[in-house]
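Student: pasting the sequence and the predicted coordinates here, then a few questions.
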Amino acid sequence: MRCLIAAAGVLVAGLLGFFIAGRIVRPVDALSQAVQRLSQGNLDTRVPHTPGSGRELKNLVGGFNHMSEALEKSQTELRRVERVAA
């Protein structure tokens, strides 16, 4: 009987760990893919905020989106200045 209870506890802990890890990994994976797209020149890349992902990830995604937007604006302004100078 104790073995059955212990096995059930291990199963519950494993399922809970799997669920929690998924909630952390999905937003980080989305951010990683966005970094790849941005590095390939897709300056309009943004990452949607994932509800319930935690304050740290929300701040990281917000910072990435702000950086991406600033890069896009800088690139647009640089192209505009180059056209005027040409």
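Tutor: All right, it came through fine. Residues are numbered from 1 along each chain as shown.
Student: can you give me the buried ones in stretch 66-79?
Tutor: 68, 72 (16 or more other C-beta atoms under 10 Å). To be clear about C-beta, it is placed using only N, CA and C from the backbone, and glycine gets the same treatment.
Student: stretch 18-29 too?
Tutor: In stretch 18-29, counting by 16+ other C-beta under 10 Å, buried: residue 27.
Student: mind listing residues that contact that stretch?
Tutor: Stretch 18-29 is contacted by residues 47, 50, 52-54, 57, 61 when judged by C-beta atoms under 8 Å, 6 or more residues apart in numbering.
Student: of those, which belong to helices?
Tutor: Judged by DSSP state H, helices contain the following of the contacts of stretch 18-29: 57, 61.
Student: distance to residue 83 and pLDDT added to the contacts of stretch 18-29, as JSON lines?
Tutor: Below are the contacts of stretch 18-29 laid out as JSON lines (distance: C-beta to C-beta, whole Å; pLDDT from 0 to 100):
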{"residue": "47", "distance to residue 83": "31", "pLDDT": "93"}
{"residue": "50", "distance to residue 83": "39", "pLDDT": "78"}
{"residue": "52", "distance to residue 83": "45", "pLDDT": "73"}
{"residue": "53", "distance to residue 83": "41", "pLDDT": "74"}
{"residue": "54", "distance to residue 83": "43", "pLDDT": "81"}
{"residue": "57", "distance to residue 83": "39", "pLDDT": "87"}
{"residue": "61", "distance to residue 83": "33", "pLDDT": "92"}
